[in-house]
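Colleague: please work out how this folds:
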Amino acid sequence: MKKLLILFIPMLVILSGCEKNPIGALLYNGVNNSTGWPAVWTLYRNGDLMVSKNSYDIRAYTDYWGTRPNQLNLKSLGASHSGTMSIYVAWDGSPSFDFSAGIQQTGYVGFWIYTENKTFGIDMTGGGYQYLKFWAKGKLNSGVVLRVETEGASSTDPNGAPGVWEGPVSDVWTEYTVQLKQITGVKDAFRIILRNTTSLQSNGGYAYIDDIRFTQ
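Modeller: Numbering: from 1, shown residues only. Model (predicted):
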């Protein structure tokens, strides 16, 4: 499936797996001494990925946010779990363009963040991470769910399968946990999707996501 690059989102970055100092590499370019991995690797908090170098790619599954840029905001001031900013995603449920099939579709909108090495991925086994955790709140209309995927998950995997969390969100901040499926060759840090689970066009909804992190 061809993906649409969202050009308007601020530059973010992700860790290279070959660093001798993973902690330093999260924050500083060129750090190369011998401290081990952090117990909690924060990927997103208060508008920033807590990582360092080179460039990143944010890709979208749809053209929806390309024509409605205010409905995907990685530095939203509207609400936050900690700090002042969070990720805001919204969808009115209208059809979006599916590049793989060349048709309008109503099933989902979503985006994902590549790691630094998007061809081969990075090796995170040294960190011993088992989970991706995040906080979310929002309002999703009937039939629409928030779906968060990590490396190795398939779009057909059900909620609760390794690598996937999917479900409704409430209007109060709640923490959710995704069991990691794959921690070697990690190409996608995470994927965030608003998905219509029905065969009819939905009314979409919105969600705020904050404090995304890998934990042991």
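
Colleague: what distance do you get for residue 188 to residue 59?
Modeller: Residue 188 is 9 Å from residue 59, where distance means C-beta to C-beta, to the nearest Å. C-betas here are computed from N, CA, C, even on glycine.

Colleague: intersection of neighbour lists for those two?
Modeller: 112, 114 (C-beta atoms under 8 Å, 6 or more residues apart in numbering).

Colleague: and residue 123, how many neighbours?
Modeller: Neighbours of residue 123 under the rule other C-beta atoms under 10 Å: 14.

Colleague: tell me the SS of residue 171?
Modeller: Using DSSP: H, G, I helix; E, B strand; the rest coil, the structure places residue 171 in coil.

Colleague: ditto for the one 10 residues further on
Modeller: Assigned with three-state DSSP, residue 181 falls in the coil class.

Colleague: ok, now which ones touch it?
Modeller: Here residue 181 is in contact with 150, 151, 152, 153, 161, 162, 163 (criterion: C-beta under 8 Å, 6+ apart).

Colleague: let's see stretch 153-167 as PDB, backbone CA atoms only.
Modeller: In PDB, the C-alpha atoms belonging to stretch 153-167 read as follows (Å, rounded to 0.1, in the frame of the first residue of the first chain):
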ATOM      1  CA  ALA A 153       1.300  -6.800  14.300                       C
ATOM      2  CA  SER A 154      -1.000  -7.300  11.300                       C
ATOM      3  CA  SER A 155      -3.900  -5.100  10.400                       C
ATOM      4  CA  THR A 156      -6.100  -8.300  10.800                       C
ATOM      5  CA  ASP A 157      -4.900  -9.100  14.300                       C
ATOM      6  CA  PRO A 158      -7.700  -8.800  16.900                       C
ATOM      7  CA  ASN A 159      -7.600  -6.700  20.000                       C
ATOM      8  CA  GLY A 160      -5.600  -8.500  22.700                       C
ATOM      9  CA  ALA A 161      -3.300 -10.200  20.200                       C
ATOM     10  CA  PRO A 162       0.400  -9.500  20.900                       C
ATOM     11  CA  GLY A 163       1.300  -6.100  19.400                       C
ATOM     12  CA  VAL A 164      -2.300  -4.700  19.400                       C
ATOM     13  CA  TRP A 165      -4.600  -2.700  21.600                       C
ATOM     14  CA  GLU A 166      -8.000  -1.700  20.200                       C
ATOM     15  CA  GLY A 167     -11.100  -0.400  21.800                       C
END
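
Colleague: next, the buried residues of that stretch.
Modeller: Under the neighbour-count criterion of 16 or more other C-beta atoms under 10 Å, stretch 153-167 has 153, 157, 161, 163, 164, 165, 166 buried.

Colleague: ok, the fifth one to residue 203 distance?
Modeller: In this view, residue 164 and residue 203 are 24 Å apart by C-beta to C-beta.

Colleague: still on that earlier bit, between the contacts of residue 181, which is nearest residue 84?
Modeller: The closest of the contacts of residue 181 to residue 84 turns out to be residue 150 (C-beta to C-beta; 26.5 Å).

Colleague: in JSON lines, list the buried residues of stretch 153-167 along with secondary structure and pLDDT.
Modeller: Rendered in JSON lines, the data for the buried residues of stretch 153-167 read as follows (DSSP: H, G, I helix; E, B strand; the rest coil; pLDDT from 0 to 100):
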{"residue": "153", "secondary structure": "coil", "pLDDT": "95"}
{"residue": "157", "secondary structure": "coil", "pLDDT": "95"}
{"residue": "161", "secondary structure": "coil", "pLDDT": "96"}
{"residue": "163", "secondary structure": "coil", "pLDDT": "97"}
{"residue": "164", "secondary structure": "strand", "pLDDT": "97"}
{"residue": "165", "secondary structure": "strand", "pLDDT": "97"}
{"residue": "166", "secondary structure": "strand", "pLDDT": "97"}
